[in-house]
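In: how would this look folded up:
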Amino acid sequence: MSNELEQFDISGVKIAVIDDAKTIRMMMSHTLRGMGCEVECAEDGYKALGMLRRFKPDLIFLDITMPELDGYQTCTLIRNAEETRYTPVVMLSSSDGIFDIAKGQARGATAHVTKIPPESVLRELIYNHTNRKAAA
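Out: I've put the predicted structure just below:
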């Protein structure tokens, strides 16, 4: 690991990945676990709400395009729930369109990233949006 990445120590950070695509969930969780994070996944917004209440993640990666309850609707529910109101939510999108970013921000998203982000981007994003930065 390079010195540049070592300054972004995210080991022990609890991450939730919410995406309807099994491949994305598997790839993200594998990468995040490799960086020392604890990871829980859900394949839709409804399942995510129960998981978030139980798991209490430090940061949530949330897919925009999901059936039934999309990422924007899920983000609104996350923001309305007492337990997750202040948990950073990073929207995962297949595009980096300005419309997606603006709509996500309007629903309370903390950040937006095109999936699947490189490990260096993930590491810095998690570090900057969790208490790791404050604790360092």
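In: can you list the weak-confidence ranges in this structure?
Out: Regions of the chain meeting the criterion pLDDT under 70 cover residues 1-6, 96, 132-136.
In: now the strands for it?
Out: 14-18, 38-42, 59-63, 89-93, 111-114 (DSSP state E).
In: most packed of those?
Out: Each of the strands of the chain was scored by mean neighbour count; the highest is strand 59-63, a mean of 27, by mean count of other Cβ atoms under 10 Å. The C-beta positions use only the backbone N, C-alpha and C, and glycine is treated the same way.
In: test my guess that T87 contacts I60.
Out: Yes. Using Cβ atoms under 8 Å, T87 is in contact with I60, at 5.8 Å.
In: joint contacts of these two?
Out: 52, 78 (Cβ atoms under 8 Å, 6 or more residues apart in numbering).
In: in the sheet, who's paired with the residue lying closest to F55 once chain neighbours are set aside?
Out: Residue nearest to F55 in three dimensions, not counting chain neighbours: E40, with 4.5 Å by Cβ to Cβ, 6 or more residues apart in numbering. As for beta bridges, E40 partners with A16 under DSSP bridges.
In: tell me who's in contact with the spatially most central residue of the chain.
Out: With distances taken as Cα atoms, centre = their mean, the chain has F61 as the residue nearest its mean C-alpha position (1.7 Å). Listed by Cβ under 8 Å, 6+ apart, the contact partners of F61 are 15-19, 28, 90, 92, 113.
In: now do 7 Å
Out: Applying Cβ atoms under 7 Å, 6 or more residues apart in numbering to F61 gives the contacts 15-18, 28, 90, 92.
In: again, but for V13
Out: V13 makes contacts with 37, 58-59, 126, 130, 132, as judged by Cβ under 7 Å, 6+ apart.
In: neighbour-wise, which one of the residues you listed leads?
Out: L59 (26 neighbours; other Cβ atoms under 10 Å).
In: show me what that residue is bridged to.
Out: Bridge pairing for L59 - DSSP bridges - gives I15.
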